[in-house]
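Chemist: Structure for the following, please:
(chains A and B)
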Amino acid sequence: MLLFLTLLALIIWQEARAAAYAGLKISVIPGPQCYDGQDNDGDSKIDYPQDPDCDSASDNSEAPIIVPPPNGGGGGGGGGIEIIPSTNVIFSGYAYPYNQVTLLKDGQVALVSAAGGDAHFTLSLSGLSAGNYNFSIFSTDIHGLKSDTLTFSIYVAKGASTNISGILLSPTLAVSSNMFQLEDNITLFGQSAPNSQITISVHSSQEHLFQVNTDNTGVYSYDFQASLLEAGDHNAKSKTRLAQQLSTFSRVVNFWVLAPEEEAPLEPEEILAEGDLNKDGRINLIDFSILAYWYKQVSPPPAVDLNGDKTVNLIDFSILAYYWTG
Amino acid sequence: MFKYFYLKLFLTSVFVFVLVSLPAEAASLFYNLPTGAVSLNQEFRVDIFLNTEGETVNAVAGSLVLPENGVKLEAISEGNSFLSFWMTKPELKEGEISFAGIVPGGFSGDQGLLFSLFFSAPQELAVGLTWRELQVLAHDGRGTALTVAAPPLSLRVQDLPLVDETSLSVVDGDLPEAFSVHLSRNPLIFDNRWFIVFATQDKIAGIDYYEVREEQLLRGQEGLGEWQRVESPYLLKDQNLSSRVVVRAVDRAGNERLAYLEPMNQEAIRQADYWFWPLRFGALIFFILVALILFICFRRILRK
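Modeler: So this is what the prediction gives:
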């Protein structure tokens, strides 16, 4: 029985992971043979100009040219500007209307572009080298709340055009307060693509699921009585469904429902610093460099010790990498 | 009915205990080794990969212990690694190849290249290189440590005639990727003095080193400065910020990419420009006057 339940849980987990990326499409248009970094014809010569069978970098065949027997006439031809095929990656999908979408390439901001009124965005990055890349995409909504960061670890082939479409960023989520009395109203709100369906999951001893639709600007809000939940700490997260696309979950928000006559706890729950060491509102290479300066040093300043264990070690860097904004 | 109750209870408890004790998350290392036999003094390449087994990870560190005799490390390449930023670039120190790096946003995959090693051996050997203090942390905002299966890296070199003397040196015609230089200062480091940070990647050969040159632009003090091999963060010598800072990233194939930081203190440059000619002219007049006075005094002394 236990084995069955374990297997069932595993299957559900796998399904949930698959569902999290429902709608995502990745297509690759390979580059021309004479600019793809491959020995396509097996003559140990790769690409133009090393392979003499290539006329130019945009020639799509490394195979030897078979010259037909002459039948008179012909001639002509000439030079021209050589076109080097571009290695590029194109991302498209939905974020939040008119808000900025940021694309990180290996942790550094590569492109920032605004989504349209329908929340659709397209980000195109060209001039890349062939290799493994970690691309991350996130957006910030009208409330200044950040989406969950969506990361794609992909191999970009030389001369190829890689198209990743069907991206649906997670909705943003915030709660009206972090402390509620039982008679209070709790408001959960955020933003996503316009006219999409939001599922809010509130975790306490049992899970509560609420559904709400976003308006024309992508904004949503859901009110419910705190007495619906038992006293104690709770967390909430939300996800979006837009047509056949399903997003990942938003960032988790935490709040507390107080028992009758219970006073607000003096000691807040352990809060980990996010790593914005220079307080510029971003977590990027500068913060990494400050943290790296103190890596494994004795007696680091408390400000750089993100998890409060009195040392700057790999865990602090992991926290920094989690909250990274580029 | 209750005849085997305690036995069943015991077995169920054991099963549950085993199930709970099993690591919920795990990652594993594996290696891409030469397919054929390796001869004496033949250079061979070993790629070290991480399989995250479905988890998303964002920080990895550890040390690979090399045997004292036998194997010679020819080169290390972290080009094309899934780790984007290094606290410790993989390097050989005191018989261990230590490394630590992060991947912002996390990485999930079954074939994440950590780095590549190039070895050779002058004598026969069959060794298993072991890992020390290997850490793989989850991308969960808390740095939860995942269990890692890290089998020894088995190297075998045989006393065979060297058939293939082809060098494994990486062919890399691409420059390191374009990058930016960021200026900052913070009370947490360098006593709040100005410093720069920079980082780039080379997907084929990997970055070998960085150099910095501070080009002084103040009129009258102009100078290109010397190239200096540095690491990020780099404390600027010119705290007046009147220099153009040039950072040169060089990959392991010798290709280089330059990035510039224009002087932030344009006012100082303007002021220096403004006073340059009046000061020069004033100094000239002063020297002429002094020379004239000395000449007159000298003549009077001679007349007397």
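Chemist: wait, B:S98 sits on B:M87?
Modeler: No - contact criterion Cβ atoms under 8 Å: B:S98 and B:M87 do not qualify, at 10.2 Å. Every C-beta, even on glycine, is put in place using the N, C-alpha and C of the backbone.
Chemist: Between the two, which contacts overlap?
Modeler: Shared contacts of B:S98 and B:M87 (Cβ atoms under 8 Å, 6 or more residues apart in numbering or on different chains): B:A61.
Chemist: what about the two, which has more around it?
Modeler: More crowded of B:S98 and B:M87, by other Cβ atoms under 10 Å in any protein chain shown: B:M87, with 21 against 18.
Chemist: For the more buried one, which non-adjacent residue is closest in space?
Modeler: B:A100 (4.3 Å; Cβ to Cβ, 6 or more residues apart in numbering or on different chains).
Chemist: Please report how far that neighbour lies from B:P90.
Modeler: Separation of B:A100 from B:P90 (Cβ to Cβ, to the nearest Å) stands at 9 Å.
Chemist: For the nearest residue to A:H143 once chain neighbours are set aside, give me its contacts.
Modeler: Closest residue in space to A:H143, ignoring its immediate chain neighbours: A:A174 at 6.4 Å, by Cβ to Cβ, 6+ apart. With contact taken as Cβ under 8 Å, 6+ apart, A:A174 is in contact with A:143, A:145, A:188-190, A:253.
Chemist: So for the host helix or strand of A:S165, what gets flagged as buried?
Modeler: For A:S165, the element it lies in under DSSP states H and E is strand A:161-168. Going by neighbour count (16 or more other Cβ atoms under 10 Å in any protein chain shown), the buried part of strand A:161-168 is A:161-164, A:166-168.
Chemist: just the residues you listed now: which is nearest A:Q244?
Modeler: A:G166 (8.8 Å; Cβ to Cβ).
Chemist: Was I right to think that closest one contacts A:Q245?
Modeler: Yes - using Cβ under 8 Å, A:G166 is in contact with A:Q245, at 6.0 Å.
Chemist: list residues touching both of the two?
Modeler: Common neighbours of A:G166 and A:Q245 (Cβ under 8 Å, 6+ apart) are A:23, A:93.
Chemist: quick one, phi psi at residue 157?
Modeler: Just going to use chain A. Backbone torsions for A:A157, taken as degrees, to the nearest 10, come to phi -80, psi 150.
Chemist: Next to chain A, which bits of the stretch 101-250 of chain B? Give me the list.
Modeler: B:102-109, B:112-113, B:135, B:137-143, B:174, B:177, B:179-180, B:182, B:184, B:186, B:188-189, B:195, B:197-199, B:201-204, B:232-233 (Cβ under 8 Å from any Cβ of the partner chain).
Chemist: buried subset of those residues?
Modeler: B:102-109, B:112-113, B:135, B:137-141, B:143, B:174, B:177, B:179, B:182, B:184, B:186, B:188-189, B:195, B:197-199, B:201-204, B:232-233.
Chemist: among these, which are in strands?
Modeler: Judged by DSSP state E, these include B:102-107, B:112-113, B:135, B:137-138, B:182, B:184, B:195, B:197 as members of strands.
Chemist: Excluding covalently adjacent residues, which one is nearest to the residue of the stretch 101-250 of chain B found nearest chain A?
Modeler: Taking Cβ to the nearest Cβ, chain A has its nearest neighbour within the stretch 101-250 of chain B at B:K203, 2.8 Å off. In space, B:K203 comes closest to A:G131 once its chain neighbours are excluded; the distance is 2.8 Å by Cβ to Cβ, 6+ apart.
Chemist: Could you tell me how many residues sit around that neighbour?
Modeler: Residues near A:G131, counting by other Cβ under 10 Å: 22.
Chemist: hang on, isn't it packed against B:A205?
Modeler: No - with contact defined as Cβ under 8 Å, A:G131 does not reach B:A205; the gap is 10.8 Å.
Chemist: what touches both of these two?
Modeler: B:G79.
Chemist: looking at this, B:F298 is in a strand?
Modeler: No - counting by DSSP: H, G, I helix; E, B strand; the rest coil, one finds B:F298 to be helix, located in no strand.
Chemist: Can you tell me the closest non-neighbouring residue to B:L83?
Modeler: Nearest non-adjacent residue to B:L83 (Cβ to Cβ, 6+ apart): B:G101, at 3.4 Å.
Chemist: check contacts around the closest residue to chain B within chain A.
Modeler: Nearest residue of chain A to chain B, counting by Cβ to the nearest Cβ: A:G131, 2.8 Å away. Residues near A:G131 by Cβ under 8 Å, 6+ apart: A:155-156, B:79-80, B:203-204.
Chemist: show me the contacts for the spatially closest residue to A:Q181 that is not a sequence neighbour.
Modeler: By the measure of Cβ to Cβ, 6+ apart, the closest residue to A:Q181 outside its immediate chain neighbours is A:L258, 5.6 Å from it. Contacts for A:L258 (Cβ under 8 Å, 6+ apart) come out as A:179-182, A:231, A:264.
Chemist: Roughly how far does the residue nearest the centre of chain B sit from B:S63?
Modeler: Residue closest to the average C-alpha location in chain B (Cα atoms, centre = their mean): B:K89, at 4.6 Å. As judged by Cβ to Cβ, B:K89 and B:S63 stand 13 Å apart.
Chemist: swap in B:A268?
Modeler: 47 Å.
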